[in-house]
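In: 3D model of this:
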Amino acid sequence: KRLTPAITGTIIFLVGVSLASFTLSEFLGGSPGTPGFASPKTLLLSVMTAAIVVLLSLFGKGFFHKFSFLIALVVGDVLAGLTGMIDLS
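Out: Numbering: from 1, shown residues only. Predicted coordinates for the structure are as follows:
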């Protein structure tokens with residue numbers, strides 16, 4: 001009655017594929033035509049945030065490994081705030 005790695009892997013893969021288009025548009029900064037879409041600043045922030053997740057997931061130990069997504073989210077938000085990319089209005 002336990003889920004095998006083949007079943008859980010397939011489920012995770014299908015969820016990833018179904019979210020791919022949304023994730024890619026958000027990675028690029030929204031939808032085409034919006035200000036900042038695929039701008040160098042947006043791409044730099046996206047790549048840096050993704051790199052933090054990957055690096056901490058692969059090389060992090062303990063807390064850093066377990067919370068790699070949260071750490072990347074906080075660092076990405078701080079960087080976005082410092083570069084003026086957050087609009088709270």
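In: Please identify the buried residues of the helix or strand bottoming out on mean pLDDT in the chain?
Out: Lowest by mean pLDDT, DSSP states H and E among the helices and strands of the chain is helix 5-28, with a mean of 91. By neighbour count on 16 or more other CB atoms under 10 Å, the buried set for helix 5-28 is F27, L28. All C-beta atoms are positioned from the backbone trio N, CA, C, and that covers glycine.
In: How about stretch 67-75?
Out: S68, I71, A72, V75.
In: quick one: the third one and V53, what's the gap?
Out: Which is A72. 4 Å (CB to CB, to the nearest Å).
In: Determine the angle, from 0 to 180 degrees, between the helix or strand that the least confident helix or strand of the chain is followed by and helix 5-28.
Out: Next helix or strand after helix 5-28 toward the C-terminus (DSSP states H and E): helix 40-59. Using axes from the mean of the first three to the mean of the last three CA atoms, to 10 degrees, one finds that helix 40-59 and helix 5-28 are set 160 degrees apart in direction.
In: where does this protein dip in pLDDT?
Out: 1 (pLDDT under 70).
In: Quick check, central residue of it?
Out: Closest residue to the average C-alpha location of the chain: A50 at 5.1 Å, with CA atoms, centre = their mean.
In: Who are the contact partners of that one?
Out: F27, A72 (CB atoms under 8 Å, 6 or more residues apart in numbering).
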